[in-house]
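Visitor: Sequence first, then the predicted structure, then my questions.
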Amino acid sequence: MKLLEYEGKALLARHGVPVAAGALWPQVPESASGWMVKAQVLAGGRGKRGGILAADTREDVARGAGKLHGARLGDEPVHAVYIEQKLDVKQEYYLAALVNRDLGRVTVVASAAGGVDIEQVPQSQVLSVDVDPLIGLADFQVQQLKRALGLQEGFEHVVRGVVETLVAEDAELVEINPLVRTGDGRLIAADAKVVLDDDAVSRHPARSTPIAWSSDSKFMQRCRELGVIGVDNRSALKGGRSVSLLGNGAGLTMATYDQVALSGIGVAGAIELHGALAKGVAHTAEVIRALFLLEADVVFINAFYQLRSTDALAEALLKALESPGAPARERVVTRMRGVKQETSQKMLEAAGCFYTPSLSAATARVLALAK
Amino acid sequence: MILVDEKSRIIIQGITGQTGRLFAEKMAAHGTPIVGGVTPGKGGSRVADVPVFDTMREAVAATGANAVLSCIAPAYIVDGLYEVVGAGIPLAVLYIENIPVHDAIRMCAYAKARGTRILGPNSAGAVSPGRANLSDLNDANLRPGRVGIVSKSGTLTYEVIEELHRHGLGESTVVCLGGDRVIGTDYVEVLRLFEDDADTDLVVLVGEPGGGLEYPAAACAGKMRTPVIAYITGQGSPRDARMGHAGAVVGDDQRSRPQNKMQAFSSAGIEVAPLVTDIGAMVAKRLHSRNLEERRQP
C-alpha cells in the first residue's frame, strides 16, 4: 500500500532520518523561515500540478491550505494538507531503497541529480548498490555511495536509516526525492514516498488504516473486509455491456480476465477468492454478493480446484442469487472444475444457471451474452 | 523428468497438521515416494503409514530424505526453512503464501548460500506424473507425457495441463515457481533442467505481470534446442491492480508489462500463445511438425 508523504516521513523519522518540522493542517509548525504547503496525494509530480505552495506568513499558509484542502490534483484526491518548515536548499539528491524482485535483494539507488523524476536522469549519473541480506549494507558500499554523491558528513546515518526503514517497517519502497543539503550543511528528507508490504500488515498492529483507503469504492472496501482480492475497473469502462468475474487463484483470474478483456468486452471488475471457499458457504455467498456490487451485465464464475469439491461454491452462488439486487440467472455463466463436479453441475443447471466444465465454452457464452 | 521422480525421498514438514496430513495421505495413496514427516513433539507417531520425527536432522538420518513439502503455519515458516536448510535437504516446496517479502528475501538468500533449492513461496509445487507428486495437483488430473511446464501460478497451471490433455498430450514435469514477489527459483534455472532432460520434448512457459524474470528466460529459451512456447497472462489487467499474486502487478515500470514480456519472447524467436485456450493447439502443432522433421532425418 502506498503511503502519503507525511505518513512516510513519520516512519523515516522513527529510524533517525532527518525530516523538516511539519504538521497536518489546520495545525501549523513553528518556523522562522516560512512554510511549504503540500497537498497529500498518492501520485508523483504534484509540484508541477500546483500541489506545493510556498508561504511567507501564516495568512499565506491559510490561503494555500484552503485552496488545496479537499481539492483534486488531476485524477487524484487531496487526502490532507501538510504544512512544513521551509528549508534553505543548497543541493538536491535522490536516495531510495527498494525490494529488487528479480535479484531477491534490497537495492539502494542514489544520484546527485535529485529533485527530478529518476527515470529521466541518465544511467551514468545513477548508482545502484545491491545489499546482501545475509550481510546488510557493507561499509565499502557506503563509501561508494558517498563518492558518487560527493557527500561526507551525515550521509552514512541517512542511508543506513533509509535501509533500516525499508526492512524494519516491511516496506517495498522508501524513496526520498529530493534529499536536500541545506545552507548549514544538514541532510534532510524533503519528500518521502513509501510503499508498504501488504503481506506484513499483521506484524505492525499499531499502524492506523492508511488514509487513502477511505476513498476506495464500496466494492473494494467490502472485498477488503471479506479478505478477498478485488479489482474495480469501472472507471475505465467505455460503455456497452460489461462483465464481472470471479476466479480462484491469481493466475487463473488474470487469464480469465484476458479471455474477456482481449475480445474488446469491458470488464467491470474481478474478485480472486483467495481461499474464501475454505471459510464456508455463507462467507463465500457474501463474497459473491460483493461481486454483484459491480452491477455488471454478465457474471462469469471460473473456478478450478484440484482436491476440493465446488459444491460449496455452487451453493454459495445460488444463495447469493436469491438476495435483492442479484442479477438474473440467465446472465450468470459458471465454469467449475473440481472433485465430483457433476453434483455442482446438477445444482446449477436445475437453478437455471449456465454451466460448462470447459473454459473455451464458458468464454464463448460470456462473449455472446455481452455482445 | 526433472526435480522429482520415483527416486525422490519426500518428507512433509508439519505432517500432523490438517494440510500436512491431507498431503501425506494423498501421496501415499497415489504412489508418491513419501518417506516420513516432521512435527516437533510428535516424533515416534505415524501418519499415512510413514514415521513422524521431531527434527529434520533425525528425519534425514533415518530416511535419506532429499525433498520436503513445507506445510507449517506462516508464523513458523522462516524458522522451519532454516531447519530444512540446516539438515542439508536439496529441495523445498513452500506452499504458503502472503509471507512478508523481507522474510522471503532472507529465506531465499540463506537457502541459496547453503545449497537448498526453494520452490516458492506461494508455489503449488512440482510433479512428474506417475513418478512423484510434490504438489497440490490431483493425480487424477495428470497424465504422464513429454511436455514440461514451468509457471508461477498454480491454478493457471491446472488450465495449461487441461489444454495439453484436450490435445492428447501429457506432462513430463510440472514446476510451479510461486506467485510471490521474491521467489527461490527462477525460470532460467528450470529451463536449463528441461533442456538437459531426455524425457521432455517441449516446454510451456507461463509468465505474468510484475518483475522481470521473464526477460532472462526469453534469452535462455531462444538458445535452447528444446522448443519453448510462452504464454503471458494479465495482458488485460488494469494498472496497479493486485490480482491475488503479490507479485503480479502491472506497474509504472515498463518491464512489468505482459505485452513487453511477450515481445521479448517473440524477439528471441519463441512462439507466444495469445490466450491460455490457444496453448494446447500450438503445442500439438509444434510437436507434430517436429516429429515429421525427425522422421525425415533419422
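Guide: Sure thing, it's come through.
Visitor: Only C-alpha atoms from now on, for both contacts and neighbour counts.
Guide: OK.
Visitor: Spell out the secondary structure type for A:Val333.
Guide: strand (DSSP: H, G, I helix; E, B strand; the rest coil).
Visitor: neighbours around it, how many?
Guide: 24 (other CA atoms under 10 Å in any protein chain shown).
Visitor: What's the separation between it and A:Ser244?
Guide: Separation of A:Val333 from A:Ser244 (CA to CA, to the nearest Å) stands at 11 Å.
Visitor: For A:Gln40, give me the backbone phi and psi.
Guide: With angles defined as degrees, to the nearest 10, A:Gln40 sits at phi -100, psi 100.
Visitor: How about B:Ala111?
Guide: According to degrees, to the nearest 10, B:Ala111 has phi -60, psi -40.
Visitor: any shared contact partners between A:Val333 and A:Ser244?
Guide: A:Val298, A:Val299, A:Phe300 (CA atoms under 8 Å, 6 or more residues apart in numbering or on different chains).
Visitor: Sheet-wise, list the partners of the helix or strand hosting the last one with their directions.
Guide: When elements are defined using DSSP states H and E, A:Phe300 is found to belong to strand A:298-309. Each strand pairing with strand A:298-309, determined using DSSP bridges, is listed with its direction: strand A:242-247 (parallel), strand A:332-339 (parallel).
Visitor: next structured bit after the shortest one?
Guide: Read that as strand A:242-247. helix A:250-261.
Visitor: and that following helix with chain B, contact?
Guide: Yes - Helix A:250-261 reaches chain B (CA under 8 Å from any CA of the partner chain) through A:Ala250, A:Gly251, A:Leu252, A:Thr253, A:Met254, A:Ala255, A:Tyr257, A:Asp258, A:Gln259, A:Ala261.
Visitor: Highest neighbour count among these?
Guide: A:Gly251 (32 neighbours).
Visitor: That one contacts B:Gly154, correct?
Guide: Yes - when contacts are counted by CA atoms under 8 Å, A:Gly251 is listed as touching B:Gly154 (7.0 Å).
Visitor: Can you name the residues in contact with the strand holding A:Phe300?
Guide: In contact with strand A:298-309 (CA under 8 Å, 6+ apart) are residues A:241-248, A:253, A:256, A:310, A:327, A:331-341, A:359, A:366, A:369-370, B:136-138, B:141, B:155, B:158-159.
Visitor: what's the angle between that strand and helix A:250-261?
Guide: Using axes from the mean of the first three to the mean of the last three CA atoms, to 10 degrees, the inter-axis angle of strand A:298-309 relative to helix A:250-261 is 150 degrees.
Visitor: Beyond strand A:298-309, next helix or strand please.
Guide: Assigned by DSSP H and E, the successor of strand A:298-309 is helix A:311-321.
Visitor: what packs against that next one?
Guide: helix A:281-292, helix A:341-350 (3 or more CA pairs under 8 Å, 6 or more residues apart in numbering or on different chains; DSSP states H and E).
Visitor: now these as JSON lines including mean pLDDT?
Guide: Shown next, in JSON lines, are those (pLDDT from 0 to 100):
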{"stretch": "helix A:281-292", "mean pLDDT": "98"}
{"stretch": "helix A:341-350", "mean pLDDT": "96"}
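Visitor: To chain B, which of the ones you listed lies closest?
Guide: With CA to the nearest CA, the closest approach to chain B among the helices and strands packed on helix A:311-321 belongs to helix A:341-350: 12.9 Å.
Visitor: Of all the residues in that closest one, which ones are buried?
Guide: Neighbour-count burial for helix A:341-350, with 16 or more other CA atoms under 10 Å in any protein chain shown as criterion, is recorded at A:Gln341, A:Glu342, A:Ser344, A:Gln345, A:Met347, A:Leu348.
Visitor: In contact with the second one, which residues?
Guide: Under the criterion of CA under 8 Å, 6+ apart, A:Glu342 has no contact partners.
Visitor: Looking at the chain, which helix is longest?
Guide: Defaulting to chain A. helix A:155-168 (DSSP state H).
Visitor: hm, I was asking about chain B
Guide: Every helix in chain B considered (DSSP H), the longest is helix B:279-296.
Visitor: Just the residues contacting that helix, thanks.
Guide: B:Val160, B:Glu163, B:Leu164, B:His165, B:Arg166, B:His167, B:Leu169, B:Asp201, B:Leu202, B:Ile229, B:Tyr231, B:Ala273.
Visitor: for stretch A:196-207, same thing?
Guide: A:Met1, A:Lys2, A:Leu3, A:Glu169, A:Asp170, A:Ala171, A:Glu172, A:Leu173, B:Asn98, B:Ile99, B:Pro100, B:Val101.
Visitor: Return the most buried member of the strands paired with strand A:298-309.
Guide: strand A:242-247 (a mean of 26; mean count of other CA atoms under 10 Å in any protein chain shown).
Visitor: average pLDDT across it?
Guide: Averaging pLDDT along strand A:242-247 gives 98.
Visitor: about what we covered before: by neighbours, which of the contacts of stretch A:196-207 wins?
Guide: Most surrounded of the contacts of stretch A:196-207: other CA under 10 Å gives B:Val101, at 28 neighbours.
Visitor: Tell me the confidence at that residue?
Guide: 96.
Visitor: That one: what's it in contact with?
Guide: A:Asp170, A:Glu172, A:Asp197, A:Asp199, A:Ala200, B:Asp180, B:Arg181, B:Val182.
Visitor: Chain A contacts on the stretch 101-250 of chain B?
Guide: Near chain A, when you scan the stretch 101-250 of chain B using CA under 8 Å from any CA, you find B:101-102, B:105-106, B:108-110, B:136-138, B:141, B:152-156, B:158-159, B:181-183, B:208, B:211-213, B:233-238, B:241-245.
Visitor: Just the ones in helices from the residues you listed, please.
Guide: Per DSSP H, those map to helices at B:Val101, B:His102, B:Ile105, B:Arg106, B:Cys108, B:Ala109, B:Tyr110, B:Thr155, B:Leu156, B:Tyr158, B:Glu159.
Visitor: Grab the two from those that are most spread out in space.
Guide: B:Tyr110 and B:Glu159 (33.3 Å; CA to CA).
Visitor: who's more crowded, the two?
Guide: Neighbours per residue (other CA under 10 Å) separate B:Tyr110 from B:Glu159, with B:Glu159 holding more: 21 against 18.
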